[in-house]
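In: generate a structure from the sequence data that follows.
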Amino acid sequence: MKKSILFLSAAVTVLATAACQNFKKGDGGLEYNIVKDAGAEKAQAGDLLSVDMIVKSDRKDSLLQSTYDIGLPQIINIAPDSIPGLYAGDYNSMFKFLGEGDSAIFRLNLDTMAAKTGQPKPEFADKFVTFTVKVRKHFKKGTLTDSALYAQIDNYFKGEIEGLKKAEEGKLASYIADKKLEPKKTASGLQYVIAEEGKGNKVVVGDTAVVSYTGRLVNGTIFDTNNAELAKKENKFNPMRPYEPLRFRVGHDPVIQGWTEGFQLLSKGSKATFLVPSSLGYGERGGGTIPPYAPLVFEIEVLDVVPGPKTDAPAIDSVATKK
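Out: Sure, this is the predicted structure:
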């Protein structure tokens, strides 16, 4: 896994370096560099493209979006020019330069976008947003009905998701090996490492756990944290959400199964890492920025445990065996 991430990073760097001195100017202030032209037919209105894409702001090359984070391509629908609001040199125009196997870098001019659309410039960039695009597959509309075209997309994504399913176990094993972890494993498949033992009784169903946490994909991407400083450092800060210790009642409040089980292994003061398979996380559907069949890594600190009312409800079995 580590090797593939490093390769990806190097590949993107090579694309960007090769293109930085070779931009051509198109309509509407659009700048582009075709890094690879595979010679295939280019996309046109009605077609769809499956692409890998990295989107960056011109402010210190700030990353805005990357399909590589979730491991699934993005589908681009090439709209006809007759749709109101579209203009030569806009986002839609970029993809008409591309066909299957092509790769390119585009710089979308925000001044032109504001002038053409009458909308204010976005606050996250100054003059350009840069798109690094690689086309995986070109779905041609031709004489196909919409239902037939989208049936192709549906079958295509089923194959992509099946690939994620098959890769999950290997991704988690590679992460453990790369980090030189020696986790314990429960009967359900949850793996965990307790870095610091807490004091007092273990958490039981009905207790309220007060926790600090960070959740990551195995590629290192943070998808959630209640640590404000870390969120700012990783460009994940959301001013609309509170950054404070999370309180949840174990076995009662809706959290993933890996948490319900994992917190019963901990006590006040515990610091631990949970390695959660998708079967105990977000499963085959994923959620938000979490892709389907994604193993998750949580760094946990239990700040406090508030005993719950006496209950006859049994705690979830958390007997661990050494991996």
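In: only C-alpha atoms for contact and neighbour calcs from this point on.
Out: Fine.
In: look at stretch 94-114 and report the distance between its end residues.
Out: Using Cα to Cα, to the nearest Å, the end-to-end distance of stretch 94-114 comes to 17 Å.
In: against Pro242, how distant is Ser188?
Out: According to Cα to Cα, Ser188 stands 32 Å off from Pro242.
In: ok, the two, which is more surrounded?
Out: The residue with more neighbours, out of Ser188 and Pro242, is Ser188; 17 against 11, by other Cα atoms under 10 Å.
In: roughly how far does that one sit from Gln264?
Out: In this structure, Ser188 and Gln264 are 14 Å apart, going by Cα to Cα.
In: check which helix or strand Val133 maps to.
Out: strand 128-139 (DSSP states H and E).
In: partner strands of that strand, parallel or antiparallel?
Out: Using DSSP bridges, strand 128-139 pairs in its sheet with strand 48-57 (antiparallel), strand 103-109 (antiparallel).
In: would you turn the ones you listed into CSV with mean neighbour count, mean pLDDT and distance to Gln119?
Out: Compiled in CSV, the strands paired with strand 128-139 are given as follows (neighbours: other Cα atoms under 10 Å; pLDDT from 0 to 100; distance: least, Cα to Cα, whole Å):
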stretch, mean neighbour count, mean pLDDT, distance to Gln119
strand 48-57, 21, 97, 18
strand 103-109, 23, 97, 13
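In: which of those sits closest to Lys166?
Out: Nearest to Lys166, of all these, is strand 48-57, at 20.1 Å by Cα to Cα.
In: what's the first helix or strand after that closest one?
Out: Using DSSP H and E, the helix or strand that follows strand 48-57 in sequence is strand 63-66.
In: need the contact partners of that next one.
Out: For strand 63-66, contacts defined as Cα atoms under 8 Å, 6 or more residues apart in numbering pick out 52-57.
In: now Ile153. Nearest residue, chain neighbours left out?
Out: Phe139 (7.9 Å; Cα to Cα, 6 or more residues apart in numbering).
In: quick check: bridge partners of that neighbour?
Out: Taking DSSP bridges as the rule, Phe139 bridges to Leu48.
In: for Ile222, give me its contacts.
Out: Listed by Cα under 8 Å, 6+ apart, the contact set of Ile222 reads 214-216, 234, 236.
In: got the buried residues for the helix ranked longest in the chain?
Out: Of all the elements of type helix in the chain, the one with the most residues (DSSP state H) is helix 146-178. The neighbour-count check on helix 146-178 (16 or more other Cα atoms under 10 Å) flags 149, 153, 157, 161, 164-165, 168, 171-172, 174-176 as buried.
In: ditto for stretch 111-123
Out: 112-113, 121.
In: for stretch 27-45, same thing?
Out: Under the neighbour-count rule (16+ other Cα under 10 Å), stretch 27-45 has 28-35, 42-45 buried.
In: and it, what's its mean pLDDT?
Out: For stretch 27-45, mean pLDDT is 96.
In: fine by me, thanks again.
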